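Visitor: Got a sequence here, can you model it:
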Amino acid sequence: MASTFAVGFAASPALRPRARPTTYRATFRAVPPTTTRAQPVIGMIVRNPSASRPRLGGLPAGRDVSCAAAPVGYGYGYGYGYGYGYGYAYGEGPDPTLGGKGSGTTRASASDSQAASAQSTPEEPAAAAAAAVHTPAPAAPAQEGATPKKEMDAFPMTGVAQAVPAPPAKKKRPSRPFIPALDSTRFFLISYIAVGHFIACCTKNPLALALLSQVNVVVGAFFVLSGYVVAYTCTELGKYEASARIKPAPQFVMSRIMGYYPLYLLAQIAFAPVFLFADLTYNGPIAAAWHGLLTTTLSQAWFPAHAELWNAPTWFLSALTFATVCLPFALPAIASWRRRGLKRAMWILTAVSVLAKVAYSYDTNGWFFMEGTMSPRSHPSWLFWNSIRFSPFAALVEILIGCVAARLVMVKECKAEDDPDGVGASDAAKLVLGGSNGSVAQSPAIPALGMAAVIVARALGWLRLNDALTRGLIFIPLFTAFVMRVHRQTVYADLPNANRPGYNSFSKALGAKWLTYLGAVSFPIYILHGPIGQIFYKRVVAQKLWGKVFTADPWFFPVYLAIVLASAALTHELFMKNKDVQGWFQAKGRELAALF
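Guide: Okay, here's the model as predicted:
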């Protein structure tokens with residue numbers, strides 16, 4: 001179940017380093033006419049020694065040293081994704097420890113450096129550090145007879161007293177608009193999957209089971225969404241290059257893993273008695289210990305027969321972790337491709353994904369299976385099926401499909417002369433999305449209806465194709481078109497018309513606040529619905545706790561879903577939004593990344 005939930009937050013004022021306002025005084029003196037500057041230097045500015053910048057070695061405990069080298073106005077933020085979905089944080093603003101410009105005797109404040117904040121971005125750490133460290137200029141020799149004056153930490157004036165032209169302002173980079181409809185999409189996908197995992201516990205109706213048990217088809221959408229979001233947040237708008245945030249690779253990987261691992265670990269610990277009781281009952285202590293190691297290290301997806309150990313739905317995180325390790329090495333290449341290369345990559349990746357599914361269908365003669373309603377005993381090769389649906393390599397291919405799809409939309413911001421062989425934006429929209437920008441043919445509602453039609457047609461027996469081929473040939477292409485259309489509609493239609501009275505669209509409706517909140521609690525739903533379901537529906541556990549299994553009470557199923565939703569909301573508010581907890585795990589992730 002997947003996509004790349006992410007939570008991002010910019011550093012609040014409470015997290016910024018504190019420092020006293022810096023006092024400056026100007027000392028004017030004569031400069032010999034032999035100076036090599038194009039303009040005469042009129043004076044020097046001297047910083048008050050009592051308010052000098054703190055050295056890196058003497059930073060107070062807990063301060064982020066990367067901020068100490070930040071230039072005037074540089075803000076910093078933390079953005080980390082958990083599970084599937086996305087979050088990105090941009091922090092920008094003045095750093096009072098380092099800012100200030102002035103002439104004569106002034107007190108530099110945070111507001112003095114606002115103009116510089118537009119000149120620096122979190123993607124330019126090297127340039128930022130260089131801009132922050134000024135080498136003191138050698139003192140000019142005093143005129144004969146002048147009284148020497150003791151000066152400390154002097155550096156050239158850059159704005160007022162010195163007639164040196166200011167450097168040209170950098171062109172403002174395109175911003176990444178938030179796309180709330182993608183958050184809401186996660187909720188609908190996860191709701192279907194959570195219901196599908198336990199629907200057999202409350203009904204034996206064949207139509208209901210066929211309609212709601214196509215989890216293996218729908219889960220592919222999460223991998224695509226995961227790749228789409230990571231490419232959107234980690235490649236540059238208006239450029240054919242990846243963002244600096246993917247480097248160094250170990251830091252990028254651990255940052256993303258530590259976005260979703262804390263809640264996973266919390267559930268692993270909280271429900272350990274449930275997992276261990278069932279595992280010890282059926283498999284004994286040695287196997288239970290081994291299973292605990294596999295699941296805690298997110299290695300279970302590599303073992304097809306045991307991928308659904310303990311918290312069964314979290315095999316997805318195991319596969320996602322492998323893909324996350326690969327992304328820093330794949331994104332630079334994908335970001336460099338022009339439209340023609342991206343479209344070629346989309347065809348190749350889709351073909352690779354479908355080829356493995358064709359091999360499975362051929363070898364098992366299972367072209368027309370409905371795997372979601374089959375048991376292992378009724379399937380000719382359940383292990384082969386598991387090796388296809390749980391494969392980390394297959395997950396990586398689908399995630400890369402999402403990355404390529406995101407870039408197909410993002411390259412619209414690049415200069416036309418940088419892609420001489422590419423097609424125009426309108427032609428690209430017709431080729432990839434099925435209509436010109438803003439037209440009815442390009443509405444996200446069309447592929448959304450198509451995905452729903454596929455599920456219904458298979459349930460009714462009108463579309464006889466197994467789960468694997470339906471996922472690769474039909475559902476994933478439809479979902480890819482859906483997210484691309486949501487992206488385009490949000491950026492190029494909804495935002496320009498945001499203040500127009502009465503304006504509405506599919507993406508705007510899907511991005512309603514209450515839906516985006518449900519999207520935010522989707523990751524806790526995904527993590528918790530399996531263990532909570534075991535408490536009520538796993539025979540050995542439910543008999544021990546309640547003396548019965550709740551499959552005998554169909555009316556209880558809505559109660560179970562309400563318990564999952566309430567638990568997810570509480571977990572989101574108390575754990576996922578706890579910056580201290582999330583920050584601690586992020587810090588541990590950085591420590592682990594430093595080992596590589």
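
Visitor: And the pLDDT for Lys538?
Guide: pLDDT recorded at Lys538 is 91.

Visitor: need the contact list for it.
Guide: Residues in contact with Lys538 (C-beta atoms under 8 Å, 6 or more residues apart in numbering) are 274, 278, 549. Where C-beta positions appear, they are placed from N, C-alpha and C, glycine not excepted.

Visitor: Is Ala287 located within a helix, as I assumed?
Guide: Yes: the assignment for Ala287 by DSSP: H, G, I helix; E, B strand; the rest coil puts it in a helix.

Visitor: Let's see the strand or helix carrying Trp514 as CSV, backbone CA atoms only.
Guide: Using DSSP states H and E, Trp514 sits in helix 513-520. Below are the C-alpha coordinates for helix 513-520, written out as CSV (Å, rounded to 0.1, in the frame of the first residue of the first chain):
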residue,chain,number,x,y,z
LYS,A,513,-9.5,20.5,3.5
TRP,A,514,-11.5,17.7,5.1
LEU,A,515,-10.3,15.3,2.4
THR,A,516,-6.7,16.3,2.7
TYR,A,517,-6.9,15.7,6.4
LEU,A,518,-8.1,12.2,5.8
GLY,A,519,-5.2,11.9,3.4
ALA,A,520,-2.9,12.9,6.2
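
Visitor: So what's the residue count around Val218?
Guide: 23 (other C-beta atoms under 10 Å).

Visitor: And the next helix or strand past the helix holding Trp514?
Guide: If you walk from helix 513-520 toward the C-terminus, the next helix or strand you reach (DSSP H and E) is helix 522-537.

Visitor: Export only the CA atoms of that next one, formatted as PDB.
Guide: This file holds the C-alpha atoms of helix 522-537, laid out as PDB (Å, rounded to 0.1, in the frame of the first residue of the first chain):
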ATOM      1  CA  SER A 522      -4.000   7.500   5.700                       C
ATOM      2  CA  PHE A 523      -0.500   6.300   6.700                       C
ATOM      3  CA  PRO A 524      -1.600   5.500  10.300                       C
ATOM      4  CA  ILE A 525      -4.700   3.800   8.800                       C
ATOM      5  CA  TYR A 526      -2.300   1.700   6.700                       C
ATOM      6  CA  ILE A 527      -0.100   0.800   9.600                       C
ATOM      7  CA  LEU A 528      -2.800   0.100  12.100                       C
ATOM      8  CA  HIS A 529      -5.600  -1.600  10.200                       C
ATOM      9  CA  GLY A 530      -3.800  -5.000  10.000                       C
ATOM     10  CA  PRO A 531      -2.900  -5.400  13.700                       C
ATOM     11  CA  ILE A 532      -6.300  -4.100  14.900                       C
ATOM     12  CA  GLY A 533      -7.900  -6.500  12.500                       C
ATOM     13  CA  GLN A 534      -6.000  -9.400  14.000                       C
ATOM     14  CA  ILE A 535      -7.300  -8.600  17.400                       C
ATOM     15  CA  PHE A 536     -10.900  -9.200  16.200                       C
ATOM     16  CA  TYR A 537     -10.500 -11.600  13.300                       C
END
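
Visitor: what angle separates it from helix 513-520?
Guide: Relative orientation of helix 522-537 versus helix 513-520 (axes from the mean of the first three to the mean of the last three C-alpha atoms, to 10 degrees): 60 degrees.

Visitor: for helix 522-537, packing partners?
Guide: Helices and strands touching helix 522-537, by 3 or more C-beta pairs under 8 Å, 6 or more residues apart in numbering; DSSP states H and E, are strand 77-84, helix 180-198, helix 249-270, helix 272-283, helix 539-546, helix 556-571.

Visitor: Export the contacts of Lys538 as CSV, with columns for pLDDT and neighbour count.
Guide: Converted to CSV, the contacts of Lys538 look like this (pLDDT from 0 to 100; neighbours: other C-beta atoms under 10 Å):
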residue, pLDDT, neighbour count
Val274, 93, 20
Ala278, 92, 18
Val549, 89, 16
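
Visitor: Out of the residues you listed, the closest to Ala301 would be?
Guide: Comparing the contacts of Lys538 against Ala301 with C-beta to C-beta picks out Ala278 as the nearest, at 20.2 Å.

Visitor: Which residue, other than its chain neighbours, is closest to the closest one?
Guide: Closest residue to Ala278 apart from its sequence neighbours, by C-beta to C-beta, 6 or more residues apart in numbering: Val540 at 5.3 Å.

Visitor: how close does the one you found get to Leu309?
Guide: From Val540 across to Leu309, the span is 15 Å (C-beta to C-beta, to the nearest Å).

Visitor: repeat for Ala405
Guide: Counting by C-beta to C-beta, the gap from Ala405 to Leu309 is 32 Å.

Visitor: Tell me the one of the contacts of Lys538 nearest Val491?
Guide: Set against Val491, the nearest of the contacts of Lys538 by C-beta to C-beta is Val274 (44.6 Å).

Visitor: show me the contacts for the closest one.
Guide: The neighbours of Val274, taking C-beta under 8 Å, 6+ apart as the test, are 531, 534-535, 538, 541.

Visitor: Quickly note the distance from it to Ala267.
Guide: In this view, Val274 and Ala267 are 10 Å apart by C-beta to C-beta.

Visitor: SS state for Leu465?
Guide: coil.

Visitor: That one and Leu383: what is the separation?
Guide: 22 Å.

Visitor: Which one's more surrounded, these two?
Guide: In terms of neighbours (other C-beta under 10 Å), Leu465 is the more surrounded of Leu465 and Leu383; the figures are 19 against 10.

Visitor: Looks like that one contacts Met370 (just checking).
Guide: No: counting by C-beta atoms under 8 Å, Leu465 does not reach Met370; the two are 9.4 Å apart.

Visitor: For the two, list the residues in contact with both.
Guide: Arg458.

Visitor: picking up where we left off before, will you turn the contacts of Val274 into JSON lines that also has distance to Arg344?
Guide: Formatted as JSON lines, the contacts of Val274 follow (distance: C-beta to C-beta, whole Å):
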{"residue": "Pro531", "distance to Arg344": "43"}
{"residue": "Gln534", "distance to Arg344": "45"}
{"residue": "Ile535", "distance to Arg344": "49"}
{"residue": "Lys538", "distance to Arg344": "47"}
{"residue": "Val541", "distance to Arg344": "51"}
